[in-house]
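# here's my sequence, what's the structure:
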Amino acid sequence: MLKEPLPEGAVVDEPVRLCVEADLRTDGKFGKQWLVVTGKRLHVFSENGDTGLSEAAWALEDLSEVKAESFVGGGAVLGMYDGKRIELVRYTNARSARFMTATHLLEKWMKGEEAELPEDEAKHCPRCGLPLEIGTQVCPACLPKSRTIKRLVRYLKPHWGPALTLAVLSISGTALNLLPPYLNKPLFDSVLAPKEPRPLEDRLRLLGLLVLALLATQVTLAGVGIVQAWVAARLGNFVTHDIRCELYEHLQYLSLRFFDKRQMGTVISRVNQDTGQLQQFLVWGSQDLASNVLLLLGIGTMLFVMSWKLALMVFVPAPLVMILSATCWKKIRFYMHRMFHRWGRLNSVIVETLNGLRVVKTFAQEPREISRFNARSLDLAVTGAQAERMAAVLFSGLGMLIMLGSLLVWYEGGRGVLDDSITLGTLSAFMMYVGMFYGPVRWMSMLLNWASRSLTAAERVFEVLDSEPDVKETDNATPMPHIEGRVTFEDVTFGYDPHSPVLKHINFEAKPGEMIGFVGHSGAGKTTCINLLCRFYDADEGRILVDGVPLRELRVADLRHQIGVVPQDTFLFSGSIADNIAYAKPGASKEEIIRAAKIANAHDFIVRKPDGYESWVGEGGQGLSAGERQRLAIARAVLHDPRILILDEATSSVDVETEKQIQAAIQRLIAGRTTFAIAHRLSTLKNADRLIVLKGGEITEIGTHDELLAKEDGEFRKLVDTYQEISKVRTVEG
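Numbering: from 1, shown residues only. I've put the predicted structure just below:
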């Protein structure tokens, strides 16, 4: 939060643009300071115990080079004033990210550039206090439920036939349900206890007709119920199928930044658990809810038609029911959403642990992971218990109030029978309607609980569907079916967190057919350059051009169809070896697949397997060594036949002999293609046309292998020397 409240007693003359609270004093002890920026000045307020606030202020035009510096355990905001470096505020690591963002904004403002405060990344909803997932400010509990229902109704349009049929069946079923109690009136008044004497034969005949009418009603109701269940099952499943497919398709096209901010288990729970909850409601809950609402309206009408005085008795507890429901359902919704949130956290632990099961077993950390799972499961259990307890209070209270209404009707109705103002048949039918009326009221509480859960699930699904990809293709994007391979970086700056750049002012050009090597320590920005070239992310500043056309103006499909990537961490899908090689070209022939495997030096180990190219590969490449997986990734890139080839540590997981063979294959592969290669084994980049040396996100050197090696104080020479020293140590240890 970059616009926190000013400390009590602080006064500034201009509107506050930025206010960030620090948790250390300048002497390093815990305390509070506030960095406040207005239109023309920077203020620092410090809390000094009983003496109140102290203030220091500088004109922005007198400050220069304001930046956040990281230390062990924390950091400080530093600036240049009157030719001297001064410390403005100090903070712990807990507040490091917000001060990095604040100083980045401040730098822009001091240069006269426009920059907006980023959206607040609060962990709780400011309105209701519910926990929010990282990267979202939408609180499902605070969204209007009517909007969610309207949005769900739009999914019924392609299925209007079954939806209309279901509506007709619901109305018909409600009308039929109202008939049996009404038949009780003639049963008592004309058959069992008539006020005027009637022949026994007439009473028996009427009794038979009434019984037949009841039988026909029940048979018809059973038939309507069966058809209604069939239609509802088809409608609910197919509507959920549409939503699930739309959600999965939308996830495929969301930018990687969306997934960077979320745990994968939480995303998976949106696709399966939330849509599953929605499906159960659409199949069963929605029709029950609709039927009960219609039944309540129908019964209410019949009660007032038969006796408006007794009907008023039925509704005496209604205000208390409404108050109890409003109080309890607010709490229940709170716990329901918290339960969904904790389900997502539990799923995240399961996915993460099972994916890293080898690491867990390698370090004998099973007890640790079991403890972590138990803690998450306990959080879920506590929230579930809280929700059920609140529901128990609601249901018990409703039961008591319903009994109160029934007793009032019995008393008033009994008096009416005794003074002949109503008949026994009318009271009997009325009491049956009362029983039917309070039945739906009881179920409505459970159905509303179900509806609340389902609408919360729907809102979580719609939240993902409403997420916009950061990387968007313009409406008039330029088609480029054939790329020559000229790549230009023009003053490119980028950060995964926009206010903490990973790359700073990168400039270079790769000519068609050139091989460019990226060199630098881990975290220098080598892979980030590749991510930007593939347009997994868009640069924050500057631009990248391919054949003179900015990436933002190119059709994304045309770009990626002509880029081949051999990643450092090879991922293979469940399926045959042939299917994995042909993933980028599904229609490839067997001959093309074999040729690609031979170029990648994978053919020999493939044919040694029992089923050859049809050998099954487990999820993630189980059953294959790291070197075999990497060679399959190279074969996949070969078959893709790209114009731009990217090798991200392509030989990092193979032995020296295999590396030589792959290097020979790569030399054949890169002919006529623009190639970008990243390698920690610097010897593998000897054949590169040029090397780009990165340090701290900036280019420090560009040149050929020999040119850079000749610079004794150069960054590349230092890297080579370090690599050689490590190699000597490994040789001695070996």
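
# show me where the stretch 551-700 of the chain has helices.
Taking DSSP state H, counting those that start in this stretch, the helices of the stretch 551-700 of the chain run over residues 556-561, 577-581, 590-599, 603-607, 626-640, 656-669.

# confidence score at Lys511?
With respect to pLDDT, Lys511 scores 91.

# ok, now how distant is the residue nearest the centre of the chain from Glu388?
Residue closest to the mean C-alpha point of the chain, counted by CA atoms, centre = their mean, is Val267 at 4.4 Å. Per CB to CB, to the nearest Å, Val267 is found 28 Å from Glu388. Yep, even glycine has a C-beta here, placed from its N, CA and C like the rest.

# hmm, back to that, and the residue nearest to the centre of the chain, that's in a helix?
Yes: under DSSP: H, G, I helix; E, B strand; the rest coil, Val267 falls within a helix.

# list the residues that contact it.
Leu251, Phe259, Val464 (CB atoms under 8 Å, 6 or more residues apart in numbering).

# the second one: what secondary structure?
Secondary structure for Phe259, judged by three-state DSSP, is helix.

# quick check: it vs Gly276, distance?
From Phe259 to Gly276 the distance is 22 Å (CB to CB).

# low-confidence ranges in the stretch 301-450 of the chain?
Along the stretch 301-450 of the chain, the parts satisfying pLDDT under 70 run over 318, 322, 325-326, 329-330, 333, 438-439, 441-450.

# can you show me the strands along it?
All residues of the stretch 301-450 of the chain lie outside strands when identified by DSSP state E, counting those that start in this stretch.

# can you check the stretch 501-650 of the chain too?
Using DSSP E, counting those that start in this stretch, strands in the stretch 501-650 of the chain cover 503-510, 515-519, 541-546, 549-550, 563-566, 575-576, 616-617, 644-648.

# so which of those strands comes closest to Leu247?
Nearest to Leu247, of all these, is strand 575-576, at 24.2 Å by CB to CB.

# for the record, mean pLDDT for stretch 638-653?
Here stretch 638-653 scores 79 as its mean pLDDT.

# repeat that for stretch 569-582.
pLDDT averaged over stretch 569-582 gives 85.

# burial measure for Lys361, as a count.
Here the number of neighbours of Lys361 (other CB atoms under 10 Å) works out to 11.

# ok, now how distant is it from Ala233?
Using CB to CB, Lys361 is found at 44 Å from Ala233.

# now Ile577
Shown here: Ile577 relative to Ala233, a distance of 41 Å by CB to CB.

# so for these two, which sits in the more crowded spot?
Ile577 (25 against 15).

# for the more buried one, give me its contacts.
Ile606, Lys609, Gly612, Tyr613, Glu614, Ser615, Val617, Leu632.

# check what pLDDT the last one gets.
Right, the one you point to is Leu632. So, for Leu632, pLDDT stands at 87.

# next: the third one.
Each residue has a pLDDT score; the one for Gly612 is 89.

# cool, and the first one?
Turning to Ile606, the model gives it a pLDDT of 89.

# count the neighbours of Ala364 for me.
8.

# that one and Ala163, how far apart?
Taken as CB to CB, the span from Ala364 to Ala163 is 56 Å.

# swap in Pro367?
Counting by CB to CB, the separation of Pro367 from Ala163 is 53 Å.

# looking at the two, which is more packed in?
Ala163 (17 against 8).

# please, which helix or strand holds the more buried one?
helix 160-186 (DSSP states H and E).

# now that helix: average pLDDT?
The model assigns helix 160-186 a mean pLDDT of 79.

# counting by contacts, list what that helix packs against.
The criterion is 3 or more CB pairs under 8 Å, 6 or more residues apart in numbering; DSSP states H and E, and the helices and strands that helix 160-186 contacts are helix 200-253, helix 286-306, helix 424-465.

# and that helix, how far out from the chain's middle?
41 Å (CA atoms, centre = their mean, to the nearest Å).

# ok, stretch 632-649 next?
31 Å.

# ends of it, how far apart?
14 Å (CA to CA, to the nearest Å).

# same question for that stretch: list its buried residues.
For stretch 632-649, a neighbour-count test (16 or more other CB atoms under 10 Å) marks 632-649 as buried.

# again with stretch 500-509
Those would be Pro501, Val502, Leu503, Lys504, Ile506, for stretch 500-509 by 16+ other CB under 10 Å.

# cool, stretch 486-498 as well?
So for stretch 486-498, counting by 16+ other CB under 10 Å, buried means Arg486, Val487, Thr488, Phe489, Glu490, Val492, Thr493, Phe494, Gly495, Pro498.

# burial count for the nearest residue to Leu296 once chain neighbours are set aside?
Nearest non-adjacent residue to Leu296, counting by CB to CB, 6 or more residues apart in numbering: Pro440, 5.2 Å away. Neighbours of Pro440 under the rule other CB under 10 Å: 20.

# quick one: contacts for Pro440?
Per CB under 8 Å, 6+ apart, neighbours of Pro440: Asn292, Val293, Leu295, Leu296, Ile299.

# nice, that's everything, thank you.
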